[in-house]
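Engineer: what's the 3D shape of this:
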Amino acid sequence: MGWKESGNKPVIGRAAALPGLLLAAALCCSSSDAAGARVHPDAGSTAAAFLKLGAGARAAALAGAFTGVPGDPFSIYWNPAGLAYSGPERSLGFFHNEYFQGLGQEFLAYSAPARRGVWGLGLNYFYAGSGLERRSGLNEADPVNPISPPEGSFGAYDLAFSGGYARRLEEGYAAGAAVKLIRQSIDDERGYSAALDLGLLREFAWRGGDYTAGLAVLNLGPGIKFSERRYDLPLVFKAGLSRRLDESGALLSLEADKPVDNYLALAAGVEYPLTSRLALRTGYRYRLHGNELGAWSGFSAGAGVAFERLTFDYAFTPFGVLGNSHRFSVNLRFGEAAAAAPPAGARAAPPEGFRDFAFTVSARPLTLSARGIRYGIKAASADCGLSALAFTTLLRGEAGAGFTVAEGSPSGELLAGFPDGTLPLKVWRPGPLPGGVQGDISFEFRLPKALVGAGSVVFMYRKSDRWVEVSTTPLEAGQDDYIFSASAPFSGYYAAALRP
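Structural biologist: Sure, this is the predicted structure:
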């Protein structure tokens with residue numbers, strides 16, 4: 001990390017001694033499996049190394065492949081944009097890291113709904129105790145006895161406080177940012193700094209699956225000054241991707257990280273729910289040119305238990321001959337859940353001439369987490385032209401028995417914004433759908449053969465003051481109707497149109 005000069009003899013700076021000590025231990029005491037691992041030229045050159053340790057046992061069990069996973073209580077650490085998916089309740093999370101060699105870490109996270117978004121707080125505390133030996137280093141040039149005698153003991157404590165905000169944007173995007181105030185203390189030396197974390201998430205559908213992609217830049221800041229030298233912060237660039245499998249409820253996540261002081265690292269994690277309350281997790285992280293502490297040090301595993309408002313998580317990570325890390329976290333959700341606001345297009349009453357049709361709901365629970373119960377919803381109506389809907393939603397409690405969809409002919413303002421060369425046929429306005437819809441909605445709709453004729457049918461959703469066309473697939477035709485399927489994002493209005 002750094003050196004102090006004392007006359008003509010180098011003396012290890014107390015402010016920089018701890019990160020240097022840990023780096024030396026990692027490189028010199030690692031198992032033989034790590035003998036071929038290459039050391040990055042800038043390894044150990046940054047301050048505030050505790051900012052690299054992670055937060056939350058769930059993320060740790062997935063090997064830190066978490067940049068593309070939204071809505072976790074500890075999103076303020078991994079990707080502040082994930083706060084936007086934290087749900088309508090307040091959340092309080094506590095994380096304890098029983099690190100190797102007597103080192104320890106605590107992290108406290110809090111999030112709450114805010115105007116048009118979610119704000120969060122994070123407190124990251126790392127400690128090495130007060131039993132570190134102070135040595136001057138004056139005997140290092142002595143070939144017979146190069147080890148200096150102990151000159152007492154000292155302690156080291158690091159602290160970072162984060163405040164962040166995130167909100168959802170259009171087209172499945174969410175953005176977030178967090179400001180960090182950092183304090184490092186070792187013996188009687190102190191260092192202070194500030195940093196900025198930036199994050200972006202996007203939910204999208206691809207080949208029948210729902211994905212979330214994430215980007216994050218963490219620890220943007222001017223560095224920390226000790227004595228007369230300034231040390232850079234551990235800046236890192238991260239990209240992640242996750243997918244929830246509807247059939248099993250399993251979560252798959254991938255990530256690539258590039259720190260300024262190390263080689264590129266790739267991570268993958270799997271979360272599999274054994275029941276609606278119990279989930280098992282495992283992951284692996286690999287650093288280009290080899291893991292410093294051997295191949296096993298990239299492995300992680302853990303489990304989580306979820307109740308309606310409380311979750312417990314555990315993670316285990318080996319660190320070779322340095323020991324093992326045991327990490328625990330608990331999260332509590334409390335307060336009244338605020339009702340989710342409908343989209344702008346759904347707040348007003350439908351135009352005159354629309355008719356409401358009742359839809360019967362079939363709900364299948366997929367997973368249970370601190371955010372709520374994730375359901376697969378299928379709804380159908382025998383009379384409405386929009387005959388079936390299927391989507392995934394997140395609810396607190398049971399799914400409702402049904403909802404309504406209004407059907408009518410386009411008129412007035414709804415006629416505006418149709419693409420040139422299309423003839424609007426039907427417009428549908430869903431009533432409030434249960435919970436927070438996740439990803440696209442799958443539709444089935446039917447149109448009379450006499451109405452369609454020889455034209456080509458297209459399906460659209462309303463976005464602001466225009467209509468956006470999506471892919472439409474013809475299904476098996478009925479006796480009097482043509483039947484089609486399409487997928488589109490949640491919107492206030494949907495329409496079927498004809499292209500002659």
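Engineer: buried residues, stretch 395-407. List them.
Structural biologist: Residues of stretch 395-407 classed as buried by neighbour count (16 or more other CB atoms under 10 Å): 395, 396, 399, 403, 404, 405, 406, 407. (C-beta placed from N, C-alpha, C; glycine too.)
Engineer: swap in stretch 407-426?
Structural biologist: Neighbour count says stretch 407-426 has 407, 408, 410, 414, 418, 422, 424, 425, 426 buried, by 16+ other CB under 10 Å.
Engineer: equivalent analysis for stretch 40-50, please.
Structural biologist: 40, 43, 44, 45, 46, 47, 48, 49, 50.
Engineer: any idea how far apart the tips of that stretch sit?
Structural biologist: In stretch 40-50, first residue to last residue: 18 Å (CA to CA, to the nearest Å).
Engineer: one more: stretch 455-471?
Structural biologist: 16 Å.
Engineer: got the contact list for it?
Structural biologist: 170, 345, 413-414, 416-419, 422-423, 443, 445, 447, 472, 474, 482, 484, 486-489, 491-500 (CB atoms under 8 Å, 6 or more residues apart in numbering).
Engineer: one more pass at 6 Å, please.
Structural biologist: The set of residues external to stretch 455-471 that reach it, using CB atoms under 6 Å, 6 or more residues apart in numbering, is 345, 417-418, 472, 484, 486, 488, 491-500.
Engineer: does residue 405 count as helix, strand or coil?
Structural biologist: strand (DSSP: H, G, I helix; E, B strand; the rest coil).
Engineer: quick check: bridge partners of it?
Structural biologist: Under the criterion DSSP bridges, residue 405 forms beta bridges with residue 357, residue 430.
Engineer: surely it touches residue 433?
Structural biologist: No. When contacts are counted by CB atoms under 6 Å, residue 405 is not listed as touching residue 433 (9.6 Å).
Engineer: on that earlier part again, max pairwise distance over the buried residues of stretch 395-407: which two?
Structural biologist: For the buried residues of stretch 395-407, the farthest-apart pair by CB to CB is 396 and 407; their separation is 30.0 Å.
Engineer: all helices of the stretch 51-200 of the chain, in order?
Structural biologist: 57-61, 75-78 (DSSP state H, counting those that start in this stretch).
Engineer: winner for burial among those helices?
Structural biologist: Mean neighbour count (mean count of other CB atoms under 10 Å) peaks for helix 75-78 among those, with a mean of 32.
Engineer: what packs against it?
Structural biologist: Judged by 3 or more CB pairs under 6 Å, 6 or more residues apart in numbering; DSSP states H and E, helix 75-78 is in contact with no other helix or strand.
Engineer: stretch 445-465: which residues count as buried?
Structural biologist: 445, 446, 447, 452, 457, 458, 459, 460, 461, 462, 463.
Engineer: quick one, what contacts the third one?
Structural biologist: Applying CB under 6 Å, 6+ apart to residue 447 gives the contacts residue 482.
Engineer: likewise residue 368?
Structural biologist: 276, 277, 306.
Engineer: setting aside sequence neighbours, what's the nearest residue to it?
Structural biologist: residue 276 (4.4 Å; CB to CB, 6 or more residues apart in numbering).
Engineer: okay, the one you found and residue 393: tell me how far apart.
Structural biologist: 15 Å (CB to CB, to the nearest Å).
Engineer: who has more neighbours, the two?
Structural biologist: residue 393 (22 against 15; other CB atoms under 10 Å).
Engineer: tell me how many other residues surround the nearest residue to the more buried one once chain neighbours are set aside.
Structural biologist: What sits nearest to residue 393 in space, not counting adjacent residues and going by CB to CB, 6+ apart, is residue 435, at 3.7 Å. A total of 22 residues lie near residue 435 under the criterion other CB under 10 Å.
Engineer: now do the contacts for residue 435.
Structural biologist: Counting by CB under 6 Å, 6+ apart, residue 435 has contacts 393, 394, 395.
Engineer: low-confidence ranges in the stretch 301-450 of the chain?
Structural biologist: 336-351, 369-371, 396-397 (pLDDT under 70).
Engineer: same deal with the chain?
Structural biologist: In the chain, residues with pLDDT under 70: 1-36, 129-133, 135-146, 148, 152-153, 246-247, 336-351, 369-371, 396-397.
Engineer: ok, back up a step: in strands, which of the buried residues of stretch 445-465 appear?
Structural biologist: Counted as lying in strands by DSSP state E, out of the buried residues of stretch 445-465, are 445, 446, 447, 457, 458, 459, 460, 461, 462, 463.
Engineer: let me have those residues in CSV, adding distance to residue 302 as columns.
Structural biologist: Below are these laid out as CSV (distance: CB to CB, whole Å):
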residue, distance to residue 302
445, 44
446, 48
447, 51
457, 49
458, 48
459, 43
460, 45
461, 40
462, 44
463, 41
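Engineer: in those, find the pair that's most separated.
Structural biologist: Longest span within those, CB to CB: 446 and 463, 24.2 Å.
Engineer: show me what the helix or strand containing residue 301 is packed up against.
Structural biologist: Applying DSSP states H and E as the criterion places residue 301 in strand 299-306. Strand 299-306 sits against helix 57-61, strand 278-287, strand 310-318, with contacts defined as 3+ CB pairs under 6 Å, 6+ apart.
Engineer: just the C-alphas of it, formatted as PDB.
Structural biologist: The C-alpha atoms that make up strand 299-306 are tabulated as PDB, following Å, rounded to 0.1, in the frame of the first residue of the first chain:
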ATOM      1  CA  PHE A 299     -16.500 -21.700  -4.500                       C
ATOM      2  CA  SER A 300     -19.400 -20.500  -2.300                       C
ATOM      3  CA  ALA A 301     -22.600 -22.100  -1.100                       C
ATOM      4  CA  GLY A 302     -25.500 -21.300   1.200                       C
ATOM      5  CA  ALA A 303     -29.100 -21.400   2.000                       C
ATOM      6  CA  GLY A 304     -32.000 -19.100   2.800                       C
ATOM      7  CA  VAL A 305     -35.300 -19.400   4.700                       C
ATOM      8  CA  ALA A 306     -38.100 -17.000   3.900                       C
END
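Engineer: okay then, goodbye and thanks.
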